[in-house]
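A.B. asks: quick one: sequence and predicted model below, then my questions.
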Protein chains: 2
Amino acid sequence: MVTKQVRDAPATLESVAALAGVSRATAGRVLSGATNVSEGARTSVLDAARQLSYVTNQAARSLVTRRSGSVAFVVAEAEDRAFGDPFFPGLLRGAHAEVSAAGKPGVRDGDRRAGPPALERFAAGGHVDAAVFVSLHGDDPLPRTLRDAGVPVVLSGRPYRAGTRFPFVDADNEGGAALAAHELVDRGSRRPATVTGPADMIAGEDRLAGFRRGLQERGVALPPSRVVAGDFTIQSGYAATERLLRQRYRPDGVFAANDQMAVGAMQALREHGVSVPGEVRVVGFDDAPLAAATHPGLTTVRQPVEQARPRDGAGWCSSLAADPAAARGRRVPSRVLPTELVRRGTT
Amino acid sequence: MVTKQVRDAPATLESVAALAGVSRATAGRVLSGATNVSEGARTSVLDAARQLSYVTNQAARSLVTRRSGSVAFVVAEAEDRAFGDPFFPGLLRGAHAEVSAAGKPGVRDGDRRAGPPALERFAAGGHVDAAVFVSLHGDDPLPRTLRDAGVPVVLSGRPYRAGTRFPFVDADNEGGAALAAHELVDRGSRRPATVTGPADMIAGEDRLAGFRRGLQERGVALPPSRVVAGDFTIQSGYAATERLLRQRYRPDGVFAANDQMAVGAMQALREHGVSVPGEVRVVGFDDAPLAAATHPGLTTVRQPVEQARPRDGAGWCSSLAADPAAARGRRVPSRVLPTELVRRGTT
DNA sequence: ATGAAAGCGCTAACAG
DNA sequence: CTGTTAGCGCTTTCAT
């Protein structure tokens, strides 16, 4: 007597082929979408596959194709900040959307706590077809290491050292910050100030540079006393703003390099009895969910972190994920995404 | 002339064995940490491996062991909320910490947007050793589907239907909410109100139940008019609180079912000129980073979402990840993690 | 258009 | 303790 073993024996190409009455090769052709198969064979294979609820064994496939079908999402960030920053999940989400749109089953997200060696081995071990680096600090060697190991690498955010020619995708931080400067001045601020991001992050630097340029274009000065350092947290925005308020000539405008810090700034302002936007105007950066939730709503610079990506088949990790071979060979072009001012109540 | 091909030919067990002068089997034993190998063999294999910078090919290994070494992290959540909620990255991070501590290389995170069939196929295709479900709504069928497909499943959060016996890990939402009720009353509130979470999330229900119980224990009533619905967003907390403030007898205490809503509540209160904690006391839930950043600091109920996990070798996905075979066979015990009140300035 | 056959790199018996 | 021998399930020439 023959017993059907459903649970214990997952369907294989072999079994599907048998049921369909064709060879394993043909079954494989059908299931991997080759064109040169007769109609008859195709339908019977497809039927058999459905009947056996066949799913292709990725390990076996990877073994021969030398592709894993997933891309690493590496967060090179102090633990607390990465996960605390609302910005980061958006990126993850965008990556997801793109990758799955490209027909890849999932994103593999790495973590640096295990230490570079672990990650390196992981990536080099054929686990991933490519790696996306997010929120890089300073001059991290890991991207280079991976690239040297043959893994295509894309950076989210402009690389710190101009020398290392990695393809990247970034928002136009510089241009967006200039927009913020214009807004502040055009609304009447004459003594604008800024709360910067951490010095080792290129996004922070770019935003400061852009803010400087924007003010200059409007003929407004930015003395060093009105540039205070933050680190992208709410608390740092609060503290930096308090420092600003202690000055003899209080600023009448604050550009915070991200929304978190802008929220902290608003709290400090409110507690010191300073009206927003009456006495001090505030502009943030990112257009995080938080920005729409403050009262008054925070005017901010939107970057298309996730919104723009799913619609955009051309760039970023989608190009990587969709065709690792191409990425491996050709250059993936870098892209700078446009930013725009979202005017709410704080200006 | 012989040319060394470093890049194009990744080292295999074969090549390592050859260089070390042993058989492939012995090399394999060494590299997978078997004990029954002579010192001599061990060192020469290790040397050869280092020299060739050998990394084991996971696909090949998976093919034979039928293990992938990764666990799925499935977020069954309305897109916006999952990624907007600061709570969620914490979970991801906790999962990461546990899984990598257990020697697994990474977490595979799934997404439901591709649709259940895709995810199902993915998980059933031998891609993952287990699946962790996060933030389940209502009575989602997917966990059952996966379990039926032979994938061990663990739920983060108590399952909606008591009937389905899935192992889960959850915070003591009920107990924590009772703590919040006690705090409010003990600090002087006599007309406490609550902003609830969405009705289809068990955590929201549990918190409401716990709040009810806590008040009852203090002999304080909770009329239906002081129970308003929110959906865990800042905005909903703001709106719900405004509704509360329009009532004839204003509440003198608000328990929001999460910190986001508590922040919204504080905004509404402030805008209506209501002092916190002077006229109205506020308590949140989660102890999100946001809670420490408000002014005054938000009193809230902390749940050990991530903190407790890495230290705790026994539970949750660590047990899954560390030993999928055991999980597949035996029951993974469910666990309810303790909550505690974090007193800041709003009570 | 289809089948047969040869591995991909690894692990797991099984002998020695 | 070590080597030999089989495959895991799939893709891919190469014939047919």
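C.D. replies: All right, it came through fine.
A.B. asks: so which residues of the stretch 101-250 of chain A form helices?
C.D. replies: Using DSSP state H, counting those that start in this stretch, the helices found in the stretch 101-250 of chain A span residues A:116-122, A:142-148, A:173-186, A:202-217, A:234-245.
A.B. asks: residue A:18 is nearest to which of the ones you listed?
C.D. replies: helix A:116-122 (37.1 Å; CB to CB). From N, CA and C alone the C-beta is placed, and that goes for glycine too.
A.B. asks: list the buried residues for stretch A:283-300?
C.D. replies: A:283-295, A:298-300 (16 or more other CB atoms under 10 Å in any protein chain shown).
A.B. asks: just checking: which of those residues also lie near chain B?
C.D. replies: By CB under 8 Å from any CB of the partner chain, the members of the buried residues of stretch A:283-300 lying near chain B are A:289, A:290, A:292, A:293, A:294, A:295.
A.B. asks: so can I have CSV of the helices of the stretch 101-250 of chain A showing mean neighbour count, distance to DNA strand C and mean pLDDT?
C.D. replies: Output for these, formatted as CSV (neighbours: other CB atoms under 10 Å in any protein chain shown; distance: least, CB to the nearest atom of the strand, whole Å; pLDDT from 0 to 100):
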stretch, mean neighbour count, distance to DNA strand C, mean pLDDT
helix A:116-122, 18, 12, 57
helix A:142-148, 18, 19, 76
helix A:173-186, 23, 43, 97
helix A:202-217, 21, 38, 95
helix A:234-245, 22, 47, 96
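A.B. asks: related to what we said a few turns ago, could you single out the nearest of the ones next to chain B among the buried residues of stretch A:283-300 to chain B?
C.D. replies: residue A:293 (3.8 Å; CB to the nearest CB).
A.B. asks: once you drop chain neighbours, what's closest to that closest one?
C.D. replies: residue B:234 (3.8 Å; CB to CB, 6 or more residues apart in numbering or on different chains).
A.B. asks: residue contacts, that neighbour?
C.D. replies: Contact partners of residue B:234, counting by CB atoms under 8 Å, 6 or more residues apart in numbering or on different chains, are A:289, A:290, A:293, B:260, B:261, B:263, B:264, B:267.
A.B. asks: got the contact list for the helix or strand hosting residue A:50?
C.D. replies: Residue A:50 is part of helix A:39-51, with elements assigned from DSSP states H and E. The set of residues external to helix A:39-51 that reach it, using CB under 8 Å, 6+ apart, is A:11, A:16-17, A:19-22, A:26-27, A:30-31, A:37, A:54.
A.B. asks: just stretch A:17-27 next, same as before
C.D. replies: A:13, A:14, A:16, A:37, A:41, A:44, A:45, A:47, A:48, A:49, A:51, A:52.
A.B. asks: so the fourth one sits against residue A:29, correct?
C.D. replies: Yes - under the criterion of CB atoms under 8 Å, residue A:37 makes contact with residue A:29 at 5.1 Å.
A.B. asks: quick one, strands of the stretch 1-150 of chain A?
C.D. replies: A:70-75, A:106-111, A:130-134 (DSSP state E, counting those that start in this stretch).
A.B. asks: mean pLDDT lowest for which of these?
C.D. replies: In terms of average pLDDT, strand A:106-111 trails the rest of these, at a mean of 50.
A.B. asks: remind me which residues of the stretch 151-300 of chain A are low pLDDT?
C.D. replies: Low-confidence segments of the stretch 151-300 of chain A (pLDDT under 70): A:161-164.
A.B. asks: returning to that earlier point: specify which member of the contacts of stretch A:17-27 is nearest to chain B.
C.D. replies: Of these, the one sitting nearest to chain B (CB to the nearest CB) turns out to be residue A:49, at 11.2 Å.
A.B. asks: hmm, stretch A:63-72 touching DNA strand D?
C.D. replies: Yes - Stretch A:63-72 reaches DNA strand D (CB under 7 Å from any atom of the strand) through A:63, A:64, A:65.
A.B. asks: sorry, back to before: wait, does the helix holding residue A:50 contact DNA strand C?
C.D. replies: Yes - using CB under 7 Å from any atom of the strand, helix A:39-51 reaches DNA strand C at A:40, A:41.
A.B. asks: give the rounded mean pLDDT of that helix.
C.D. replies: Computed over helix A:39-51, the mean pLDDT rounds to 85.
A.B. asks: quick one: buried residues of it?
C.D. replies: So for helix A:39-51, counting by 16+ other CB under 10 Å, buried means A:41, A:42, A:44, A:45, A:46, A:48, A:49.
A.B. asks: return the member of those nearest to DNA strand D.
C.D. replies: residue A:49 (9.7 Å; CB to the nearest atom of the strand).
A.B. asks: now do the closest one against residue A:20, distance only.
C.D. replies: 8 Å (CB to CB, to the nearest Å).
A.B. asks: what does chain A have sitting close to DNA strand D?
C.D. replies: So far as CB under 7 Å from any atom of the strand goes, chain A lies against DNA strand D at A:10, A:12-14, A:24-25, A:28-29, A:31-32, A:54, A:56-57, A:60-61, A:63-65.
A.B. asks: ok, residue A:303 touching residue A:171?
C.D. replies: Yes - the pair residue A:303 / residue A:171 is scored as a contact, 3.5 Å apart, by CB under 8 Å.
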